[in-house]
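> The sequence isn't on hand, but the structure is:
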Ligand SMILES: [Zn+2]
């Protein structure tokens, strides 16, 4: 140990002497600078000497660190919490996690998925997100990096890595909460446009201006096309309108809605805050009062009976007699419009079209498999964002090449 410290001191000392010498002799500055100016290729050549594997390792490690940050975003963003403060802590016992226990991948493995302080289990999601982001970053380097020209290729690889990081965060949040936060979608549009103007290679464009234009068209195409699909879907399929035998009594219980011969849990009914059940009640009875011929609208946040508004938590039970009830059913939401727009800013309008076509196929296939495996009912929903994300990843790594080979020979 003492030997190691001595060696370190020695090395540091030498280095300081070196720097000191350099600082004291302005003539040396000139020659260093002169070398650079006289031979700018020197820079590139010295960077080119850095081996390919070193950059691969850097990208993987950086990805794991970013993944660790994404875990914080995935946990906190949907709850409206700050992603900077408080620092990482155990959600069970509030134990503040010191830096040496906050090392991506390793911590989870060493602690075997348990909090060091209270022993509460830590979701395997933390490990998966870190590993996935590490692999995503490494993949971007392998695909877009060139170790002979690191200074020009690293920014492009990083831009795609940022896109993939956003896709990963959005996917995990959408699966759990059925929303994609504005921080990711609007933030993604901003970063995508910025990357477009700075890095023409992102769109294989000849100039910064045309690259920005590609990004803008991509963002616009994403928003417009998905919004059109959303409106069209509403027009074609409407909401899920259930005709009932006139005079049917339905009951809104504590945790579920009782229809004749069927019980639907609120968890399966309301995915987003904007989802609502709407009906026209001939009679409606609460515990302490009754109504006649009123429109009722129930969403997770508010219960509206006629013009009255109340909190659903204050109404434990409600009985209605009605002839028709409208249940929420939408494949896509406004979150997907903004999400596709952000992706479009990175991958252009061709990528948008490709991602939408492929995501609908993946969605249909997954849905069918789940129905065959009897894991879900035909009418129940899945978030759509993850399919878009997966399709966009396929575009970045494979699809783009074939698309341009097919359509622009
Ligand atoms: Zn704990």
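Arrived safely. The model shown is predicted, which means the values in this text are computed figures rather than measured ones.

> Tell me which residue of the stretch 201-350 of the chain lies closest to the ion.
Nearest residue of the stretch 201-350 of the chain to the ion (C-beta to the ion) works out as residue 267 at 27.0 Å. From N, CA and C alone the C-beta is placed, and that goes for glycine too.

> which ones are touching that residue?
Residue 267 makes contact with residue 255, according to C-beta atoms under 8 Å, 6 or more residues apart in numbering.

> rerun that using 7 Å as the cut-off
For residue 267, no contacting residues are found, by C-beta atoms under 7 Å, 6 or more residues apart in numbering.

> ok, now residue 181?
77, 78, 173.

> Now stretch 266-284: average pLDDT?
In this model, stretch 266-284 carries a mean pLDDT of 82.

> likewise stretch 342-354?
The average pLDDT within stretch 342-354 is 97.

> Make 34 the first number, not 1, from now on.
New numbering, starting at 34: the last item is stretch 375-387.

> List of residues touching it?
By C-beta under 7 Å, 6+ apart, the residues outside stretch 375-387 that reach it are 196, 199, 218, 221-222, 225-226, 228-229, 235-236, 247-248, 250-252, 254-255, 258, 373, 388, 421, 425, 428-429, 432-433, 436.

> can you rerun that using 6 Å?
Residues from elsewhere that reach stretch 375-387 (C-beta atoms under 6 Å, 6 or more residues apart in numbering): 196, 218, 221-222, 225-226, 236, 247-248, 250-252, 254-255, 425, 428, 432, 436.

> For ChimeraX, write the selection for the buried entries among the residues you listed.
Selection of the buried residues among the contacts of stretch 375-387 in ChimeraX, burial being defined by 16 or more other C-beta atoms under 10 Å:
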select :196,218,221,222,225,226,236,247,248,250,251,252,254,255,425,428,432
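
> Now the most centrally placed residue in the chain. Nearest residue, chain neighbours left out?
Taking C-alpha atoms, centre = their mean as the criterion, residue 203 is the residue nearest the geometric centre of the chain, at 1.6 Å. Nearest residue to residue 203, sequence neighbours excluded (C-beta to C-beta, 6 or more residues apart in numbering): residue 213, at 4.8 Å.

> Pull the contacting residues for that neighbour.
Applying C-beta under 6 Å, 6+ apart, we find residue 213 in contact with 203, 207, 368, 372, 418.

> Those residues in helices, which ones?
In helices, defined here by DSSP state H, the members of those are 203, 207, 368, 372, 418.

> quick one on the thing from earlier: can you tell me how far the residue nearest to the centre of the chain is from the ion?
28 Å (C-beta to the ion, to the nearest Å).

> hang on, that residue packs against residue 418?
Yes. Residue 203 is within contact range of residue 418, at 5.5 Å (criterion: C-beta atoms under 6 Å).

> Intersect the contacts of stretch 375-387 with the contacts of the ion.
Checked against the ion using C-beta under 5 Å from the ion, those give no members in range.

> Inside strands: which ones of the contacts of stretch 375-387?
Taking DSSP state E, every one of the contacts of stretch 375-387 sits outside strands.

> related to what we said a few turns ago, which one among the ones in helices among the contacts of residue 213 sits at the bottom for pLDDT?
Lowest pLDDT among those: residue 368, with 88.

> could you measure that residue against residue 319, distance?
In this structure, residue 368 and residue 319 are 34 Å apart, going by C-beta to C-beta, to the nearest Å.

> Need the distance between the two termini of stretch 116-134.
Using C-alpha to C-alpha, to the nearest Å, one end of stretch 116-134 lies 19 Å from the other.

> Can you give me every residue that contacts residue 332?
residue 309 are the contacts of residue 332 under C-beta under 6 Å, 6+ apart.

> Confirm that residue 90 lies within a strand, as I assumed.
No. Secondary structure assignment (DSSP: H, G, I helix; E, B strand; the rest coil) places residue 90 in helix, not in a strand.
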